[in-house]
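**Q** fold the following and give me the result.
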Amino acid sequence: MMTTIVPVILAGGSGTRLWPLSRADYPKQFLALGGEQTLLQETALRLHGTAAQPPLVVCSEQHRFLTAEQLQQAGINDADIMLEPAARNTTPAIAVAAWHAILRDPESLLLVMPADHLIPDVEAFRLLLEPAAIEAGNGHLVTLGIAPTHPETGYGYIEAGAEIASSGSGETTPALKVNRFIEKPDAVTAARLIDAGNCYWNAGIFVFTAQVFLDALQSLKPEMHELTRKAVEGATTDLDFIRLDVEPFAACEDISVDYAVMEQSSNTVVLPFNTAWSDIGSWDAIHQVGAKDDRNNSAVGDVIFDDCSDCHVHASSRLVTILGLKNVSVIETPDAVLVLDMANAQGIKRIIEQLKKDDREELTTHQTCYRPWGNYTSLSRADRYQVKRIVVKPLATLSLQKHFHRAEHWVVVKGTAVVTIGEEEIMLTENESTYIPLGAVHRMHNPGSIPLELIEVQSGSYLGEDDIVRIGDEYGRS
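**A** Alright, predicted model coming up:
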């Protein structure tokens, strides 16, 4: 059964619950929060080295290059990356993955995983897939239920019933009938669910055959069944990406798979998963999985604690010191700082709503922004000028472009740049510079084997990123 399993990775997260470290342009699946690798990389490597098929990653258009780059960095060069033309929740995302898989192999078995969860014990996870695959082969929609360790209010719950009559899941991990799915509860309800002894955290990890899922979708959501089929049949390829047909996918209902299928189906079962798991969905969850000192403090970066306990500090760009505090998180980034009582970690939603209301760019972007050719960091900005540090990957090329409202000065500090300005092409090395007049068509290429680093000084009446007219672009962004 494992020979046909297709890992489906849902990587469409918006990046708000771990603000300010996570942003809309750089959500948490692209962050390294449980080790050296990012959550996306850990998820993609979870079945690496087994007989499973290469992963199918479903992500947004906005994050396509970041997704591809992180997979390549993890040594995964054969993944399919499917682009959602609009955010429509998990049901359409899983449906298009199922259609894609079944076109290749009618007996495809899907393992659906969010891209941003932490599962430290990979071997225990792999062992559970065998009984899960058996139950899926018996026609069940299988969901993994995490054995709860405390009355958590940030997770949904699954109430399990009797063990099902089955030919294969075995005595150690019996499949249980799902009585009901329970929305994120308040503290009193969460405690009652824990005390009941038959409730599990809903991890949003599923195992089923593509055909069984699509049959259930056809019965419960026939319109979405048809729309997602059309979205896949009308898909095109662009570089390494699969672009779904926009119109039918965008017409899909915005609904989670729990609501649309799992809760409504009569053949949904839960397999208990009795090992460590976290969706890393809040700063108190980050604290729970981090290494602690003798007073239960956890830290990332340059941090000094004095007379503190049960605290978490994440320092991104400078020294952070805290004195005489308890149960507090401090998250420092170059452009924003969050201080919160971890007992109110879920209350960050109110901060996010305020940032949206104020249209703050700190909600969406970091000072360092990533592009398919490299990245840039905004170092200083004031009226009519901005200073950036630009890093261009080896052999990468920026788009052929022009600006209507700004001129630019480039100073190379490391590596070599081939610069085109109009009809002229020049080569710049360290400590050499050039000037790009307003309106001039230009582009930059790194011909070397090391990253190219330069300082860019922009001057003009408008310095927004949307003042770029792309005339040619090897990444398909013109």
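**Q** show me where the chain has helices.
**A** With DSSP state H as the criterion, the chain has helices at 39-44, 64-73, 90-104, 122-137, 187-196, 210-220, 222-233, 246-250, 257, 283-289, 348-357.
**Q** each with direction, which strands does the longest strand seen in the chain pair with?
**A** Determined from DSSP state E, the single longest strand within the chain is strand 199-209. Looking at strand 199-209 with DSSP bridges, its partner strands are strand 109-114 (antiparallel), strand 141-146 (antiparallel), strand 157-163 (antiparallel).
**Q** mean confidence for the first one?
**A** It stands for strand 109-114. Averaged over strand 109-114, pLDDT sits at 97.
**Q** same question for the longest one.
**A** Mean pLDDT, computed over strand 157-163, is 93.
**Q** list the buried residues for it?
**A** 157, 158, 159, 160 (16 or more other C-beta atoms under 10 Å). To be clear about C-beta, it is placed using only N, CA and C from the backbone, and glycine gets the same treatment.
**Q** mind checking which of the strands paired with strand 199-209 is nearest residue 120?
**A** Taking C-beta to C-beta as the criterion, strand 141-146 is the member of the strands paired with strand 199-209 that comes nearest to residue 120, at 12.8 Å.
**Q** off-centre distance for the closest one?
**A** The chain centroid and the centroid of strand 141-146 are separated by 21 Å under C-alpha atoms, centre = their mean, to the nearest Å.
**Q** my read: residue 97 touches residue 82, true?
**A** Yes: with contact defined as C-beta atoms under 8 Å, residue 97 reaches residue 82; the gap is 6.9 Å.
**Q** the two: who's more crowded?
**A** residue 97 (27 against 23; other C-beta atoms under 10 Å).
**Q** quick one: contacts for the more buried one?
**A** Going by C-beta atoms under 8 Å, 6 or more residues apart in numbering, residue 97 touches 6, 8, 56, 58, 82, 110, 112.
**Q** got a list of what the closest residue to residue 299 other than its chain neighbours touches?
**A** For residue 299, ignoring the flanking residues on the chain, the nearest one in space by C-beta to C-beta, 6 or more residues apart in numbering is residue 313 at 4.9 Å. With contact taken as C-beta under 8 Å, 6+ apart, residue 313 is in contact with 297-301, 303, 305, 320, 322, 329-332.
**Q** what about the residues you listed, which one has the most neighbours?
**A** Taking other C-beta under 10 Å as the neighbour criterion, residue 331 ranks highest of the contacts of residue 313 with 24 neighbours.
**Q** sorry, back to before: now distance to residue 427 too, for the helices of the chain, in JSON lines please.
**A** Conversion of the helices of the chain to JSON lines gives the following (distance: least, C-beta to C-beta, whole Å):
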{"stretch": "helix 39-44", "distance to residue 427": "36"}
{"stretch": "helix 64-73", "distance to residue 427": "27"}
{"stretch": "helix 90-104", "distance to residue 427": "45"}
{"stretch": "helix 122-137", "distance to residue 427": "48"}
{"stretch": "helix 187-196", "distance to residue 427": "64"}
{"stretch": "helix 210-220", "distance to residue 427": "53"}
{"stretch": "helix 222-233", "distance to residue 427": "46"}
{"stretch": "helix 246-250", "distance to residue 427": "42"}
{"stretch": "helix 257", "distance to residue 427": "54"}
{"stretch": "helix 283-289", "distance to residue 427": "46"}
{"stretch": "helix 348-357", "distance to residue 427": "44"}
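**Q** dump those into CSV; add distance to residue 421 and mean pLDDT as well.
**A** Shown next, in CSV, are the helices of the chain (distance: least, C-beta to C-beta, whole Å; pLDDT from 0 to 100):
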stretch, distance to residue 421, mean pLDDT
helix 39-44, 38, 96
helix 64-73, 26, 94
helix 90-104, 44, 97
helix 122-137, 51, 94
helix 187-196, 62, 93
helix 210-220, 52, 97
helix 222-233, 43, 98
helix 246-250, 37, 97
helix 257, 52, 96
helix 283-289, 47, 92
helix 348-357, 39, 94
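**Q** so for residue 275, which of these sits nearest?
**A** helix 122-137 (4.4 Å).
**Q** tell me the gap between that closest one and the middle of its chain.
**A** Taking C-alpha atoms, centre = their mean, the mean C-alpha location of helix 122-137 is offset from the chain mean by 24 Å.
**Q** between that helix and strand 199-209, how big is the angle?
**A** 60 degrees (axes from the mean of the first three to the mean of the last three C-alpha atoms, to 10 degrees).
**Q** tally of neighbours for residue 439?
**A** Applying other C-beta under 10 Å, I find that residue 439 has 13 neighbouring residues.
**Q** measure the closest residue to residue 443 other than its chain neighbours to residue 75 for me?
**A** Leaving aside its chain neighbours, residue 443 sits nearest to residue 400 (4.4 Å; criterion: C-beta to C-beta, 6+ apart). Residue 400 sits 32 Å away from residue 75, going by C-beta to C-beta, to the nearest Å.
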